[in-house]
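Undergrad: my questions concern the predicted model and sequence given below.
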Amino acid sequence: MAVKSKPFEFLGAQVAPGHRQQFELPVGQLYTQTDVSIPVEVVHGRSKGPRLLICAAIHGDELNGVEIVRRVLHAPWLKNLKGTLVAVPIVNVLGTIHRSRYLPDRRDLNRSFPGSEKGSLAARMAHLFTTRILQQADYAIDLHTGAIDRSNLPQIRVHLDNQKAAELAHMFGVPVIIDAEIRDGSFRGAGDDLGVPIITYEAGEALRFDENSIAAGVRGVRRVMEELGMIKMRVKGRAQATPVVARSSQWVRAPVGGFLRVLKPLGSRVNKGDLLGYLNGPLDSQGEPILSPCSGIVIGRSNLPLAHEGEAIFHIARFNQVDLAEQVVETFHSDMEDHISRSEAPIT
């Protein structure tokens, strides 16, 4: 028999079992002294269960996660929730206002955790988010995209030495898991310090909505909630491809400056020495070939046809079994095509 929840205490208020409530967490003011706040919604189940935080736009221009959070909050399967969902669609509100990855002081919020109450703007926001929101969670999913003019294949980044975070990564169900060390000042690092396992979902491109990335993110959040026992498991469809873990990854950099012509899209399998594309000048007949330095799967690429010498243009993940990785990526794409075709109003 399910254990009944107690009221959930959050930002000085109480959310009753079976209810949901919206909050605004003040983070400062604009030049005009207009107040700026982080929007938060809490959905508190009638039955006791885990507390899951989902958040997006720690980098202010990474927008797919904003739509993922919105869809999760209005999903029919959120009814009869066990436990508590804390949803934050926009963490770096100032960055989003300015369509920027960074805060107005040019600091990266995802290099400023756990922050300081009396530090820089970034440090203060990080401290506020850590102490008022992250500390309330048992688990967290951090939603990101590639940087501006770069796209990422749907992937999870996690430090696999953290067993609970590794389990969360496999629950999410996207094709590729990257074993990523914890960086100083990162949100994942703050979670490690607090004992809150965090996974980072990366998909799509900054300042753009991408339906495939959004739909995969919503499905991933749902799967995590199912596996944690927060929502009822759906009737099983066809067998899921098990995510594959990349043993390492490498950015391929432009050997010369020029106009980029891409031959290998995201998700492509490549072998060492394969032709990825060309860099040519405006009068060249052929251009400089770009060769893959290793075998693997293309998990990131530049979308900009312009490249300076040394600029990162392809991101390739290496696997112990490239054939298996290729199969998992293909299965994922097929599943998502079926899933999106059944959606009522996909973004195009």
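TA: Looks like it arrived, so ask away.
Undergrad: make it CA atoms for all contacts and neighbour counts henceforth
TA: Fine.
Undergrad: so Val43: helix, strand or coil?
TA: The three-state assignment at Val43 reads strand, by DSSP: H, G, I helix; E, B strand; the rest coil.
Undergrad: buried residues in the longest helix belonging to the chain?
TA: Longest helix in the chain by number of residues (criterion: DSSP state H): helix 322-341. By neighbour count on 16 or more other Cα atoms under 10 Å, the buried set for helix 322-341 is Val322, Ala325, Glu326, Val328, Val329, Glu330, Thr331, Phe332, His333, Asp335, Met336, Ile340.
Undergrad: please name every helix or strand in contact with it.
TA: helix 211-227, strand 244-246, strand 296-302 (3 or more Cα pairs under 8 Å, 6 or more residues apart in numbering; DSSP states H and E).
Undergrad: contacts for the first one, please.
TA: The reference is to helix 211-227. Helix 211-227 is contacted by residues 64-65, 67-69, 71-72, 141, 154, 168, 171-174, 201, 203-204, 231-233, 336, 340, 346-348 when judged by Cα atoms under 8 Å, 6 or more residues apart in numbering.
Undergrad: equivalent analysis for the shortest one, please.
TA: For strand 244-246, the external contacting residues (Cα under 8 Å, 6+ apart) are Pro175, Val176, Ile177, Ile178, Asp179, Ala317, Arg318, Phe319, Asn320, Leu324, Ala325, Val328.
Undergrad: okay, now the third one: neighbour count?
TA: Ile177 is surrounded by 26 other residues when neighbours are defined as other Cα atoms under 10 Å.
Undergrad: can you tell me the element it falls in?
TA: In the assignment (DSSP states H and E), Ile177 maps to strand 176-179.
Undergrad: quick check: neighbours of that strand in the sheet, parallel or antiparallel?
TA: strand 150-158 (parallel), strand 244-246 (parallel) (DSSP bridges).
Undergrad: and the helices and strands packed on helix 322-341: which comes nearest Lys264?
TA: Lys264 lies closest to strand 296-302 among the helices and strands packed on helix 322-341, at 7.7 Å (Cα to Cα).
Undergrad: show residues contacting that closest one.
TA: For strand 296-302, contacts defined as Cα under 8 Å, 6+ apart pick out 146, 149-155, 264-271, 312-319, 322, 325-326.
Undergrad: among those residues, the buried ones, what's the PyMOL command?
TA: Per 16+ other Cα under 10 Å, the buried members of those correspond to this PyMOL selection:
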select buried, resi 146+150+151+152+153+154+155+264+265+266+267+268+269+270+312+313+314+315+316+317+318+319+322+325+326
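Undergrad: got a list of what Val40 touches?
TA: Counting by Cα under 8 Å, 6+ apart, Val40 touches Gln22, Phe23, Glu24, Leu25, Val86, Ala87, Val88, Pro89.
Undergrad: separation between it and Leu78?
TA: Per Cα to Cα, to the nearest Å, Val40 is found 16 Å from Leu78.
Undergrad: any idea how far Ala87 lies from Val69?
TA: When Ala87 is compared with Val69 (using Cα to Cα), they lie 7 Å apart.
Undergrad: now for the closest residue to Glu326 other than its chain neighbours: which residues touch it?
TA: Take Glu326 and drop its neighbours on the chain: the residue closest to it by Cα to Cα, 6 or more residues apart in numbering is Arg269, 6.1 Å away. Taking Cα under 8 Å, 6+ apart as the criterion, Arg269 is in contact with Ser295, Gly296, Ile297, Val298, Val322, Glu326.
Undergrad: where does Arg269 land on pLDDT?
TA: pLDDT recorded at Arg269 is 97.
Undergrad: need phi/psi at it.
TA: Main-chain dihedrals, Arg269, degrees, to the nearest 10: phi -80, psi 140.
Undergrad: hey, what's it bridged with?
TA: Taking DSSP bridges as the rule, Arg269 bridges to Ile297.
Undergrad: if we can go back for a sec, need the contact partners of the longest helix of the chain.
TA: Contacts of helix 322-341 (Cα under 8 Å, 6+ apart): 174-176, 211-212, 215-216, 241-244, 267-269, 295-297, 319, 346.
Undergrad: among these, the buried ones, what's the ChimeraX command?
TA: To isolate the buried members of the contacts of helix 322-341 in ChimeraX, using 16+ other Cα under 10 Å:
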select :174,175,176,211,212,215,216,241,242,243,244,267,268,269,295,296,297,319
